[in-house]
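Enquirer: the sequence and its predicted three-dimensional model are supplied below.
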Amino acid sequence: MIQVGYIKNIDFKMIKEERREYDKDYYKKNSEKRKAVAKAWIVENREKYESQKKLYRKNNIKKIKASQKSYRENNPKKVYDSLKEWRNNNPEKYESQRTKYYEKNKKKICDHTKGYYANNKENIRAKVRDYRTKNVEKVREQGRAYGKVYYEKYKDSSKAKQKIYRKTEKFRISVKNSQHRRRTKMEVTDITTEYLLELKSKTSHCEICGKKLKDNIHLDHIIPLNVGGLHIKSNVRYVHAKCNLQRPKNGSDIIQFRLL
Ligand SMILES: [Zn+2]
């Protein structure tokens, strides 16, 4: 006969804990056996297993992701190493996955890269500069090797493109070249190539003689550079090449006019 008082005195919490300890111990001691049994069950019930797995994943996706995230955060080295090992063992699979991911997320990746670059411009530039100064020869070698490969790969198409570019973008090229020359002369300027292109499109008549501008156009420095004029927005204008070349080299036409 069971006595009520006796049952009341049983510490259920204690029993639960003991039971847990026992289970833990048992699992530990028989882990290989348990794994083998589980594996065998999976092999025999593949479909059931897969669908259960899917269901579990669907119902616990947040939990799973959180635990994966925390694992990654807590074991960065382990994760990195195992990924690396996998990549080394499955190079083809890795490449194809990478390409697939890139194709699928092109826009996202581009935006992300752009955003990252915009936010870390100075840092990135400093790092690149630093790397370049530390590895001058290496960078030069890499550049040469890359150039060779690129040239061979795109020989025909790039030549054709260059030809077209030279023909259709004559003015842009001359602006770029003159900009480059100025830049080597003078570091500080508020003029950009875009500004010059805009100024040119707005200037329909020569700023010296007032006649219509056609093909032969020069960027004129109102106060010439060789007498201390600056290559800045307020000192440039578009004129006929002829009108530009007819000006006195010391800019006396303008400077005297201003002094009077
Ligand atoms: Zn003119």
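Expert: Structure's in. What do you need?

Enquirer: now the residue nearest to residue 240 when sequence neighbours are not counted: phi and psi?
Expert: Counting by C-beta to C-beta, 6 or more residues apart in numbering, residue 240 lies nearest to residue 206, which is 4.7 Å off, once chain neighbours are set aside. For the C-beta atoms, the positions are set from N, CA and C on the backbone; glycine is no exception. Torsion angles at residue 206 (phi, psi; degrees, to the nearest 10) stand at phi -60, psi 130.

Enquirer: measure residue 93 to residue 131 for me?
Expert: 31 Å (C-beta to C-beta, to the nearest Å).

Enquirer: what's the answer for residue 151, then?
Expert: Between residue 151 and residue 131 the distance is 24 Å, computed by C-beta to C-beta.

Enquirer: and residue 47, by the same measure?
Expert: Counting by C-beta to C-beta - residue 47 and residue 131 are separated by 54 Å.

Enquirer: compare neighbour counts for those two and give me the winner.
Expert: Higher neighbour count among residue 47 and residue 131: residue 131, with 11 against 7, using other C-beta atoms under 10 Å.

Enquirer: what residues are up against residue 196?
Expert: Applying C-beta atoms under 8 Å, 6 or more residues apart in numbering, we find residue 196 in contact with 175, 179, 219, 236.

Enquirer: among those residues, name the ones in helices.
Expert: Under the assignment DSSP state H, the contacts of residue 196 contribute 175, 179 to helices.

Enquirer: how about the contacts of residue 196 in a markdown table, adding neighbour count?
Expert: As requested, the contacts of residue 196 are exported to a markdown table (neighbours: other C-beta atoms under 10 Å):
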| residue | neighbour count |
| --- | --- |
| 175 | 20 |
| 179 | 18 |
| 219 | 19 |
| 236 | 21 |
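
Enquirer: so which of the contacts of residue 196 sits lowest on pLDDT?
Expert: Ranked by pLDDT, the contacts of residue 196 bottom out at residue 179 (72).

Enquirer: which non-adjacent residue is nearest it?
Expert: Nearest non-adjacent residue to residue 179, counting by C-beta to C-beta, 6+ apart: residue 193, 5.6 Å away.

Enquirer: what domains does the record give for this protein?
Expert: Residue ranges for the domains of the chain, per automatic domain parsing: 95-134, 137-168, 170-259.

Enquirer: most packed of those?
Expert: Among these, ranked by average contacts under mean count of other C-beta atoms under 10 Å, first place goes to domain 170-259 (a mean of 14).

Enquirer: so, in contact with the ion or not, that one?
Expert: Yes: against the ion, domain 170-259 shows contacts by C-beta under 5 Å from the ion at 206, 208, 209, 240, 243.

Enquirer: in strands, which of these appear?
Expert: The strands, defined by DSSP state E, take in residue 240 from these.

Enquirer: pick the one among the residues of domain 170-259 next to the ion closest to residue 155.
Expert: Comparing the residues of domain 170-259 next to the ion against residue 155 with C-beta to C-beta places residue 240 closest, at 39.7 Å.

Enquirer: read off the pLDDT value for that closest one.
Expert: Value listed for residue 240 in the pLDDT field: 94.

Enquirer: list the contacts for residue 169?
Expert: Applying C-beta under 8 Å, 6+ apart, no residues contact residue 169.

Enquirer: just use 687 as the starting number from now, easier for me
Expert: Understood, numbering begins at 687; the last thing we discussed is residue 855.

Enquirer: and it, its phi and psi?
Expert: Dihedral angles (degrees, to the nearest 10) for residue 855: phi -110, psi 30.

Enquirer: quick check: it vs the ion, distance?
Expert: Distance of residue 855 to the ion, given as C-beta to the ion, to the nearest Å: 24 Å.
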